[in-house]
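Student: dropping a prediction and its sequence here:
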Amino acid sequence: MSTSSDQDPDTAFDPSSDGAKMGFADAMSYGDYLHIDSLLDQQHCLSGAHDELLFIIQHQTSELWMKLAIHELGAARDALLTGDTPKMFKMLARVSRIFEQLNNQWDVLRTMTPADYTRFREALGPSSGFQSYQYRMIEYILGNRNTHMMKPHEHLPQVRAALEAELARPSFYDEVVALLFRTVDGGEGAMPAPQLDSPHSARDEIQARWKIVYEDIDRYWTLYELAEKLVDLEDYFRRWRFNHVTTVERVIGFKRGTGGTSGVAYLRRMLSVELFPELWHLRGEL
């Protein structure tokens, strides 16, 4: 279905099409398929400030992209478990591009000045981005499983149940490490993959296996490519976090966040969190 808005309707419309035969009133349209009216009716500003609409759309579109990221990460993990490597690589590459898109959105939000934000900040009440359960789900899937961050979602039974269900199964990186230990002999014979910490910190035995992969990429090409896909994904993820903290500092400085966090200070601490630490620490050994 074409989504172009600049086609000439006299040339783009095919009178022999099924839609023409039924009439537009009876055929499913672009707006019907995408529920455009419902989508565009979800921006409810609570103040008269001009920039509040920008703020709402920025965060709503971020949540839509995160929904897709969760969908793709779930497919990538399923593909890993079934051995469908090409599909897994495609999904991981797509998630990296999703975070590239999320990064680009900060450029739009940064057109909002401190004076602009002040005009509607009070209307936000205690709401805050760290309450995004989809963002938390992405972190939990990838392996950053700080269970203390369940607290903002305790009042939402369905959300809490979904996050708990994710915590009850191996993370994506757990499954990657399991594959690594099944495939690469570290010289000590058969050895089960270690249980990852929550949140995960670098483990020497995991890093040693990755080093074997990187020193013999012809033999372990699939694992090598998987490792680089993970580094690529985390690279974009780190940029998203950095752009987040930079934008917040630019707009509100070092004020406390609306949800009660320390604002910029809290976000800066998050910059040090590593999703796949062994793959980054390994660089200094090669």
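Tutor: In hand now; what should we look at? Just so it is clear, the structure is predicted and the values come from calculations on it, not from any experiment.

Student: when you work out contacts or count neighbours from here on, use the C-alpha atoms and nothing else.
Tutor: OK.

Student: may I ask which helix or strand of this structure has the lowest mean pLDDT?
Tutor: helix 9-12 (a mean of 53; mean pLDDT, DSSP states H and E).

Student: what about the residue lying closest to Gly186 once chain neighbours are set aside, which helix or strand?
Tutor: In space, and not counting its chain neighbours, Gly186 is closest to Arg209: 6.2 Å by Cα to Cα, 6 or more residues apart in numbering. In the assignment (DSSP states H and E), Arg209 maps to helix 204-215.

Student: and that helix, average pLDDT?
Tutor: Averaging pLDDT along helix 204-215 gives 96.

Student: show me which positions of it end up buried.
Tutor: 206-207, 209-214 (16 or more other Cα atoms under 10 Å).

Student: in this protein, where is pLDDT below threshold?
Tutor: 1-25, 189-190, 252-272 (pLDDT under 70).

Student: separation between the residue nearest to Gly186 and Gln195?
Tutor: Distance of Arg209 to Gln195, computed by Cα to Cα, to the nearest Å: 15 Å.

Student: could you do Glu164 as well?
Tutor: 18 Å.

Student: now do Thr147
Tutor: 16 Å.

Student: how about Glu175?
Tutor: 11 Å.

Student: which one's more surrounded, these two?
Tutor: Glu175 (17 against 12; other Cα atoms under 10 Å).

Student: the more buried one: helix or strand, and which one exactly?
Tutor: helix 172-183.

Student: just give the number of residues close to Lys87.
Tutor: Lys87 - counted by other Cα under 10 Å - has 16 other residues nearby.

Student: now for the residue nearest to Gly186: which residues touch it?
Tutor: 180-181, 184-186 (Cα atoms under 8 Å, 6 or more residues apart in numbering).

Student: can I get those in JSON lines with neighbour count and distance to Glu278?
Tutor: As requested, those are exported to JSON lines (neighbours: other Cα atoms under 10 Å; distance: Cα to Cα, whole Å):
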{"residue": "Leu180", "neighbour count": "19", "distance to Glu278": "12"}
{"residue": "Phe181", "neighbour count": "20", "distance to Glu278": "14"}
{"residue": "Val184", "neighbour count": "17", "distance to Glu278": "15"}
{"residue": "Asp185", "neighbour count": "13", "distance to Glu278": "17"}
{"residue": "Gly186", "neighbour count": "16", "distance to Glu278": "15"}
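
Student: export these as TSV, with columns for distance to His35.
Tutor: What follows is the contacts of Arg209, written out as TSV (distance: Cα to Cα, whole Å):
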residue	distance to His35
Leu180	44
Phe181	47
Val184	49
Asp185	53
Gly186	54
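
Student: just these now: which is nearest Val251?
Tutor: Leu180 (43.5 Å; Cα to Cα).

Student: which ones are touching the closest one?
Tutor: Counting by Cα under 8 Å, 6+ apart, the residues that Leu180 touches are 209-210, 223.

Student: the stretch 101-250 of the chain: strands as residue ranges?
Tutor: For the stretch 101-250 of the chain, strands defined by DSSP state E, counting those that start in this stretch do not occur.

Student: separation between Pro126 and Pro152?
Tutor: 11 Å.

Student: and the two? Which one has more around it.
Tutor: Counted by other Cα under 10 Å, Pro126 and Pro152 do not tie: Pro152 has more neighbours, with 15 against 11.

Student: is it true that that one touches Gly129?
Tutor: No. Applying Cα atoms under 8 Å as the test, Pro152 and Gly129 come out as separate, 10.7 Å apart.

Student: re earlier: same list (the contacts of Leu180) but as JSON lines, adding distance to Arg241.
Tutor: Putting these into JSON lines (distance: Cα to Cα, whole Å) gives the following:
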{"residue": "Arg209", "distance to Arg241": "29"}
{"residue": "Trp210", "distance to Arg241": "26"}
{"residue": "Leu223", "distance to Arg241": "27"}
